[in-house]
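Student: A structural model of the following input is requested.
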Amino acid sequence: MTDSNTPAVVIPELTLNNGVTIPQLGFGVFQIPPEETRVAVTQALAAGYRHIDTAAAYRNESGVGAAIAESGLAREDLFITTKLRNGEQSSPRAAFEASRKALGVDWIDLYLIHWPVPSQGLFTQAWKELESLYAQGLVRAIGVSNFLPDHLDTLLAGSTVVPAVNQIEAHPSFQQGGLADKSRSHGIAVEAYSPLGQGKDLDSPVITALADEYGATPAQIVLAWHMGIGNIVIPKTVSPARMSENLEAAGIKLSEDALNRISALDTGERIGADPAVAAFTQM
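Tutor: Numbers count the residues shown, from 1 in each chain. This is a model prediction of the structure:
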C-alpha cells in the first residue's frame, strides 16, 4: 500500500556542486495569481511534486507557504526555490528574510539572484550577501538566474562560492546551448524556465511525431528531452490533469536520436527579456 504522501512517479534527482540534491522536475508558479497559488501548489503537492519554484517578484510566496503548511509533508521532503528581486540587490538580506517569512519556513533550499541587471552594477555585491546567508545555513544552495556568460565571468572573478544553478529561458526553439555549456563547465547546473516555449514549441512536427512514436503528449516529450540533456525543469500549469501529465514525463527516456532531433530545432528566438539589457526593478 502506498502512503498518501508518497509520489506515484519517481522523480530523478540531480546533485548540485555542493552535494545538495534537487528534484530534476519541479513545479513553477510564475504568472499564477496570488489568490490561486495556494490551491495550485496544494494540487501539485498532491500530484507528487516536491520541488516548488517561486520568486518574490511573482508576489505569490505566501500562497506557496500556505500550501506547504497545509500539506502535512515534512519540510525536509520539499525543495523550495525563491529569488531576489532586481530592485533589492542592494538589500538582499532583508529581501531574503521577507521571502522566508512569506513562505513560512526556517530555511530556503535554493535562493537565486533573479536577473543580473548589469546597468545597476550590484549583482556581485548582492552575491557576497548570498554567500553569507549560505554560510549561516539559512539557505542550502545559492545560484543565479538569467546570467549570460559575461555575467558569470564577472561573478566568478569576485566570489568564493560558485553558483549551484543558473536558471535560464530554455526550450527546443531557444536552447542557449553555449550558455548551458559555459554554466556546466563551471559545475553550475542548468535549470530551464518556459521549458515548453510557453506552448509554442508543442506544435513542432518533430515533437508531435515523437509524441506519436512514444505514446506520449508533446509536452511530455519536451520535458523528457530537457531531463535527457541534463536540465532541471519547472513547468507551470493550474490544471491538475496537466500537473500529473507533466510529472509522468519523468518516466519517459528518449533515445539519443530523439534527443538530437529535438536539439536540432533551435532557432535562437528568445521569448522573454534579454538579460544583457533588462533593467526592470520587479518592485
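Student: Helices along the stretch 1-150 of the chain, start to end?
Tutor: For the stretch 1-150 of the chain, applying DSSP state H, counting those that start in this stretch gives helices covering 34-47, 61-71, 92-103, 123-135, 149-157.
Student: Any chance you could list what contacts whichever helix or strand comes after the shortest one?
Tutor: Read it as helix 149-157. With elements assigned by DSSP states H and E, the helix or strand that comes after helix 149-157 is strand 165-169. Residues from elsewhere that reach strand 165-169, judged by C-beta atoms under 8 Å, 6 or more residues apart in numbering: 16, 22, 53, 110, 112, 141, 143-147, 152, 176, 179-180, 183, 188-194, 232, 270-272. Heads up, the C-betas are built off the backbone N, CA and C, glycines and all.
Student: try stretch 250-270
Tutor: Contact with stretch 250-270 is made by 9-12, 24-25, 169, 172-175, 177, 201, 204, 206-207, 210, 213-214, 216, 220-225, 227-229, as judged by C-beta under 8 Å, 6+ apart.
Student: Stretch 120-137 too?
Tutor: Taking C-beta under 8 Å, 6+ apart as the rule, stretch 120-137 contacts 84, 86, 89-90, 92-93, 96, 107, 111, 113, 116-117, 139-142, 144, 151, 154-155, 158-161, 279.
Student: Please save the CA atoms from it in PDB.
Tutor: What follows is stretch 120-137, C-alpha atoms only, in PDB (Å, rounded to 0.1, in the frame of the first residue of the first chain):
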ATOM      1  CA  GLN A 120      22.900  48.600 -11.700                       C
ATOM      2  CA  GLY A 121      26.400  47.000 -11.100                       C
ATOM      3  CA  LEU A 122      25.100  45.400  -7.900                       C
ATOM      4  CA  PHE A 123      25.000  41.700  -8.600                       C
ATOM      5  CA  THR A 124      28.500  41.000  -7.300                       C
ATOM      6  CA  GLN A 125      27.800  42.900  -4.100                       C
ATOM      7  CA  ALA A 126      24.500  41.000  -3.700                       C
ATOM      8  CA  TRP A 127      26.200  37.700  -4.300                       C
ATOM      9  CA  LYS A 128      28.500  38.300  -1.300                       C
ATOM     10  CA  GLU A 129      25.400  38.700   0.900                       C
ATOM     11  CA  LEU A 130      24.000  35.400  -0.500                       C
ATOM     12  CA  GLU A 131      27.300  33.800   0.300                       C
ATOM     13  CA  SER A 132      26.900  35.000   3.900                       C
ATOM     14  CA  LEU A 133      23.300  33.600   4.100                       C
ATOM     15  CA  TYR A 134      24.700  30.300   2.700                       C
ATOM     16  CA  ALA A 135      27.500  30.200   5.300                       C
ATOM     17  CA  GLN A 136      24.900  30.700   8.100                       C
ATOM     18  CA  GLY A 137      22.900  27.700   6.900                       C
END
